[in-house]
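Trainee: this one's sequence-less:
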C-alpha cells in the first residue's frame, strides 16, 4: 500500500473512531466509503478487522453501563435479520437496496424527532435488531436502528451497549468470512495496520464525550444516523450513474 492510501484511509479511520468513540457509532460510515473508493478488494475484511478494535477500547472504560439484557433481544433480532439480509441482497439490485435503506433511515429519524418516542423494550429491541441485521448485511450500515432505540439513554449506556453489539456482530461476520474462505491475509494485515489510527481517534473522543454527554448526545446521534441515510442515498445515485 502506498503512502497516499495510508494517509487518506488513516485519516478517515481516525475521524470515524473519534465520532464513534464519542457518540456510539460512525466508524464504518466515515471510513468504509474511503476504503471502498481507494481499494475495493480490501472490503469488507480490512474494515471489519479494524472496527473490531474500537468496541474493545470503549468497553475498557464503560463496560459496566452496557444494557446486556436489552442487548440480548437485539442480538436475537440481528441473527434473524442477517438471514433476511442475505435474501434481500440476492433479490434486489445494489442501488435499489441502498436507496430503500437510506429512505427508511431518514423516515425513522423524522418519526422519532417529530412524532414517536421509541422506548427500549424487548419488542422494539428485537425489531431494531432484525432491521439492523438486514441493513448491516446488505449495506454494511447496521447501527442506526439500534441507536434510535437508545437515543434517549445516557451517553455511557449508549456507547457501551452499541460497543457490545458491534463487537459481537463484527466477530460473527469475520468468522463467517473466514469459514467461507473470503477473508484474505492481505485484508487482515491492512486492518491491523490501521489500529494506531483507531487508538488515536479513541483518545480524541475521550474529551469530546464530556461535551456530548452534557445534553447533546441525542442530537449528535440523530445527526450521525441522518448522515448514514444520506450516504446510502448518494451511494445509490452513484451506482445508478
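Mentor: Now that the structure is in, tell me what you want to look at. The structure displayed is predicted, hence computed values, not measured ones. Numbers count the residues shown, from 1 in each chain.
Trainee: state the pLDDT value of the residue nearest the centre of the chain.
Mentor: Residue closest to the average C-alpha location in the chain (C-alpha atoms, centre = their mean): residue 143, at 4.4 Å. Looking at residue 143, its pLDDT reads 83.
Trainee: for it, which non-adjacent residue is spatially closest?
Mentor: Distances taken as C-beta to C-beta, 6 or more residues apart in numbering place residue 25 nearest to residue 143, at 3.8 Å, with adjacent residues excluded. Where C-beta positions appear, they are placed from N, C-alpha and C, glycine not excepted.
Trainee: packing partners for the lowest-mean-pLDDT helix or strand in the chain?
Mentor: Lowest mean confidence among the helices and strands of the chain (mean pLDDT, DSSP states H and E): helix 94-114, at a mean of 77. Helices and strands touching helix 94-114, by 3 or more C-beta pairs under 8 Å, 6 or more residues apart in numbering; DSSP states H and E, are helix 122-139, helix 144-149, helix 217-240.
Trainee: quick one: closest of those to residue 40.
Mentor: Closest to residue 40 of these is helix 217-240 (C-beta to C-beta; 12.5 Å).
Trainee: chain center to that closest one: distance?
Mentor: The chain centroid and the centroid of helix 217-240 are separated by 12 Å under C-alpha atoms, centre = their mean, to the nearest Å.
Trainee: what is the rounded mean pLDDT of it?
Mentor: Taken as a whole, helix 217-240 carries a mean pLDDT of 82.
Trainee: which other helices and strands does that helix contact?
Mentor: Looks like helix 217-240 contacts helix 3-23, helix 27-38, helix 94-114, helix 144-149, helix 155-179 (3+ C-beta pairs under 8 Å, 6+ apart).
Trainee: got a list of contacts for it?
Mentor: Residues lying outside helix 217-240 but in contact with it, judged by C-beta atoms under 8 Å, 6 or more residues apart in numbering, are 19, 22-26, 29, 33, 94-99, 101-106, 108-109, 112-113, 139, 141, 143-144, 147-148, 151-152, 154-155, 158, 212.
Trainee: report the buried residues of that helix.
Mentor: Across helix 217-240, burial judged by 16 or more other C-beta atoms under 10 Å covers 217-218, 220-222, 224-229, 231-233, 235-236.
Trainee: for the residue nearest to the centre of the chain, give me its contacts.
Mentor: By C-beta under 8 Å, 6+ apart, the contact set of residue 143 is 24-25, 28-29, 132, 136, 162, 165-166, 225, 228.
Trainee: thanks a lot, see you next time.
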